[in-house]
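>>> can't give you the sequence, but here's the structure:
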């Protein structure tokens, strides 16, 4: 039961010194006043302590809520780190086993090379078309002979329109023959 850092023995020592200094006549009145001050001081300190403790509890609650979110995120990060390290370990194990398989199978092929690869099994499209469709032979070159002018039943008289038509057809035939044979006719 200390108040202001003064213990019971120290309070008794102060009381004895006050009794000697004040005397027995005034000491009871002084003791009553000291008791009242003590009660007021004690009530004041109790109120202040209650206010301080309430504020401290509010601050602790705020800190707890803010740190609980932080702790939750730290836990999540730790779990994620554990998962990541497990995945790394699995990847390293797979890599080392694959490396060991490659080193041990230097002389033995892993894949059967007697079967053709898919790219080799299917011929290119040009080859497939050439195998399925036979090329058409070029038409034999037919010599184009000029068509002579039609003879009229009457010598010296020919139809001029008929002659122009014949010349136009001759020109078209020679152009077609040149296109077919790929050159001059």
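Yep, that arrived. Predicted model, so just to flag it, every value in this text is computed and none were measured.

>>> where does the protein have low pLDDT?
Low-confidence segments of the chain (pLDDT under 70): 1-4, 105-161, 183-185.

>>> quick one, helices of it?
Secondary structure of the chain (DSSP state H): helices located at 8-22, 27-104, 118-121, 125-132, 160-181.

>>> Any chance of a markdown table for those helices, columns mean neighbour count?
In this view, the C-beta of every residue, glycine as well, is placed from N, C-alpha and C. Converted to a markdown table, the helices of the chain look like this (neighbours: other CB atoms under 10 Å):
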| stretch | mean neighbour count |
| --- | --- |
| helix 8-22 | 12 |
| helix 27-104 | 10 |
| helix 118-121 | 8 |
| helix 125-132 | 9 |
| helix 160-181 | 12 |
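
>>> And residue 20, how close does it get to residue 13?
Distance, residue 20 to residue 13, by CB to CB, to the nearest Å: 11 Å.

>>> Sorry, slip of the keys, the one I care about is residue 68.
51 Å.

>>> Ok, residue 101 next?
In terms of CB to CB, residue 101 sits 91 Å off from residue 13.

>>> How about residue 179?
Residue 179 is 138 Å from residue 13, by CB to CB.

>>> do residue 50 as well
From residue 50 to residue 13 the distance is 31 Å (CB to CB).

>>> likewise residue 90?
77 Å.

>>> again with residue 168
150 Å.

>>> Same question for residue 45.
Taking CB to CB, one finds residue 45 at 22 Å from residue 13.

>>> Equivalent analysis for residue 76, please.
Shown here: residue 76 relative to residue 13, a distance of 61 Å by CB to CB.
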